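Novice: structure here, sequence nowhere to be found:
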């Protein structure tokens, strides 16, 4: 997996009631650097946003796994504790990790995560599952130029 970034895009959007409103939307994408993430955000969204938009923030989230259900339209962060045994002391240690799951609802997010973890030899427990406001994911595709 390449580096994941979340770009926040701010623009004026025409609401269903006809009122113009400034909105902030978040998009997840694969990119090599912050500069490439900004360039790809502009490239991906220009055809869909009329008028000007800005990218006030790009962050690199702490996501270790990505589980994408093709039918899903929402994104869920799954916080997991991997349970390991400290060989010296014999005590149990927990190391937390975050995964991102695309699913239609909370239950599907749980099931998609479990399906993705099938065959994992590590013991783990799910600490939390929460929906996060990502609208879409733009993966890095073979053949894309990396001019940045």
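Specialist: Yep, it's here. Given the structure is predicted, the values throughout are model-derived calculations rather than measurements.

Novice: partners of residue 137 in the sheet?
Specialist: Beta-bridge partners recorded for residue 137 (DSSP bridges): residue 28.

Novice: and for it, the neighbour number?
Specialist: A total of 16 residues lie near residue 137 under the criterion other CB atoms under 10 Å. C-betas here are computed from N, CA, C, even on glycine.

Novice: ok, now how distant is it from residue 15?
Specialist: 25 Å (CB to CB, to the nearest Å).

Novice: then residue 73?
Specialist: Taken as CB to CB, the span from residue 73 to residue 15 is 20 Å.

Novice: which helices and strands sit right next to whichever strand or helix holds residue 113?
Specialist: Assigned by DSSP states H and E, residue 113 falls within helix 106-117. Applying 3 or more CB pairs under 8 Å, 6 or more residues apart in numbering; DSSP states H and E, we find helix 106-117 packed against strand 65-68, strand 74-85, strand 92-103, strand 123-132.

Novice: show me where pLDDT drops low in the protein?
Specialist: Residues of the chain that meet the criterion pLDDT under 70 lie in 1-2, 142-148.

Novice: could you verify my assumption that residue 126 touches residue 77?
Specialist: No - using CB atoms under 8 Å, residue 126 is not in contact with residue 77, being 11.1 Å away.

Novice: more neighbours: the two, which one.
Specialist: residue 77 (18 against 14).

Novice: show me the beta-bridge partners of the more buried one.
Specialist: If you apply DSSP bridges, the partners that residue 77 bridges to are residue 100, residue 130.

Novice: circling back: JSON lines for the helices and strands packed on helix 106-117, including distance to residue 43?
Specialist: What follows is these, written out as JSON lines (distance: least, CB to CB, whole Å):
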{"stretch": "strand 65-68", "distance to residue 43": "21"}
{"stretch": "strand 74-85", "distance to residue 43": "21"}
{"stretch": "strand 92-103", "distance to residue 43": "21"}
{"stretch": "strand 123-132", "distance to residue 43": "23"}
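
Novice: nearest to residue 23, of those?
Specialist: Minimum separation from residue 23 across these (CB to CB) falls at strand 123-132, 16.3 Å.

Novice: list the buried residues for that closest one?
Specialist: 124, 129 (16 or more other CB atoms under 10 Å).
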